[in-house]
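Student: structure for this input, please:
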Amino acid sequence: MRVSFPTMGDYWVFTKAIFDKLASELVVPPPVSQRTLTLGVKYSPEGACLPFKITLGSMIEALELGADTIIMPGNYGPCRFGYYHRLQEEILRDLGYKFQMINESMGIRRMAASIFKGSRLSEFLPGLIFSLAKLKLLDELPHTLYRIRAIEQEVGSATRIYKDTLKPLDKAKSYRELRQVKKEYLKKLGSIPTRSSDGVVKVGITGEIYVVLEPFANMEIEIELGKLGVEVRRPISLWEFVSNFNPLVIAFGLGERRRCYRAARPYLSCHIGGDGWQSVGEKVLHAKDWHGMVHLEPFGCLPETVARNIMSKTKEELPVLNLIYDEHTGKAGVISRLEAFVDMIRRQKRKPAEGKRSNLTGGRAHGSLSRH
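Tutor: Numbers count the residues shown, from 1 in each chain. Coordinates of the predicted model:
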């Protein structure tokens with residue numbers, strides 16, 4: 001069995017580690033590119049959101065490489081994401097591809113039996129735990145990257161070191177090697193010539209998880225903010241999502257997601273699907289330690305549309321820039337709005353006594369970038 005999955009950021013490192021001890025062969029799709037999007041747009045319904053189109057294009061690229069089994073997360077719930085796999089499977093079969101689609105809707109036992117067929121549990125469990133260690137490291141590496149990227153003298157230095165670290169991280173076969181990868185990474189980042197941190201602002205990124213975590217989908221917004229002297233804060237990650245299934249996190253109400261849920265309750269008392277509840281909570285939770293927040297959403301995403309309209313009405317004072325993405329979005333427009341947003345935040349910092357509340361979650365700031 002040749003298994004594959006839609007690409008999302010650098011998390012292929014984690015997925016490869018899971019399959020390292022399995023009998024199934026893993027087919028890693030190419031990084032998301034313009035071709036991926038073009039394929040997805042060509043065969044998707046026009047009204048489908050950007051994550052649907054990109055993941056469909058990624059599946060096609062995986063099947064072109066010889067995959068015969070596709071794993072697509074999803075279930076049933078308020079967000080349309082839970083139904084992606086059904087429509088995507090029909091589209092791919094209409095295109096003539098022969099494959100098996102694996103999804104939670106099959107039931108956990110049947111799904112696990114399909115993926116782990118021919119594998120020994122005694123070999124798989126240690127491999128799974130080790131893959132989670134890689135996932136946690138993937139969550140930790142960007143923290144220092146964000147800080148250095150905002151003050152590096154040579155733009156792009158920190159990003160190159162981060163990308164070069166992914167290869168040894170992928171090849172690491174022991175916890176000792178993982179510690180060494182992290183040590184070398186921090187050492188290299190620490191050697192980068194930097195300028196004064198005066199003027200650095202802290203901006204959080206939140207929104208729909210796929211657009212937040214896939215650099216192609218958000219047009220490398222973390223890198224662009226770093227070029228503007230911004231220290232990015234991104235609480236959302238795959239590790240953050242997975243850790244919410246930890247019994248201790250559930251029992252004691254720990255974790256960023258649960259803190260966000262509690263913070264959002266004065267404004268939102270029920271689950272609206274997707275990551276909308278967390279988006280509202282991030283603004284409330286970090287209003288005092290962030291200088292601003294960028295909210296990312298795919299065009300037509302109902303949970304984030306609801307979250308956007310609630311955020312504009314919270315009493316917490318935090319400037320919010322809303323960016324809406326689809327296949328027509330232009331990077332130049334995104335950069336122009338980021339520049340204006342960061343400039344506005346810096347003006348607020350320089351004149352705190354005169355500054356009035358600035359919240360870009362209303363009016364023109366909310367229009368789809370593709371429409372301006």
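
Student: where does the prediction get shaky in the protein?
Tutor: Within the chain, the segments meeting pLDDT under 70 span 23, 75-78, 104-119, 121, 245-254, 352-372.

Student: just want the most central residue of it.
Tutor: When the chain is reduced to its mean C-alpha position, the nearest residue by Cα atoms, centre = their mean turns out to be L213, at 1.8 Å.

Student: might you report the residue contacts of it?
Tutor: Residues counted as contacts of L213 (Cβ atoms under 8 Å, 6 or more residues apart in numbering) are 8-9, 11, 236-238. Bear in mind the C-beta positions are built from the backbone N, C-alpha and C, glycine included.

Student: now do L132
Tutor: If you count contacts by Cβ under 8 Å, 6+ apart, L132 has them with 14, 242.

Student: what's the domain layout of this protein?
Tutor: Residue ranges for the structural domains of the chain, counted by automatic domain parsing, are given in the record as 2-118, 127-149+152-195, 197-371.

Student: so how far is the shortest one from its chain's centroid?
Tutor: Once both centres are worked out by Cα atoms, centre = their mean, to the nearest Å, domain 127-149+152-195 turns out to sit 17 Å from its chain's centre.

Student: in this protein, where's the longest helix?
Tutor: Longest helix in the chain by number of residues (criterion: DSSP state H): helix 121-149.

Student: mind listing what's buried in it?
Tutor: When neighbours are counted by 16 or more other Cβ atoms under 10 Å, the buried residues of helix 121-149 are found to be 124, 127, 130-139, 141-142, 144-149.

Student: same deal with stretch 161-172?
Tutor: With the criterion 16+ other Cβ under 10 Å, stretch 161-172 contains buried residues 161-162, 165-166, 169-170, 172.

Student: try stretch 280-299
Tutor: So for stretch 280-299, counting by 16+ other Cβ under 10 Å, buried means 280-287, 290-299.

Student: do the same with stretch 60-73
Tutor: Applying a neighbour-count criterion of 16+ other Cβ under 10 Å, one finds 60-63, 67-72 buried in stretch 60-73.

Student: tell me, how many residues neighbour G330?
Tutor: 12 (other Cβ atoms under 10 Å).

Student: what's the answer for T194, then?
Tutor: Look at T194: counted by other Cβ under 10 Å, it has 17 neighbours.

Student: just grab the bridge partners of it for me.
Tutor: In this structure, T194 has beta-bridge partners E152, where bridges are defined by DSSP bridges.

Student: mind listing the strands for the chain?
Tutor: Remark: strands assigned in the chain by DSSP state E are 2-4, 25-26, 69-71, 100-102, 201-207, 230-233, 292-298, 320-325.

Student: what residues does stretch 26-43 touch?
Tutor: 2-7, 12, 15-16, 19, 52-62, 65-67, 91, 95, 214-217, 327.
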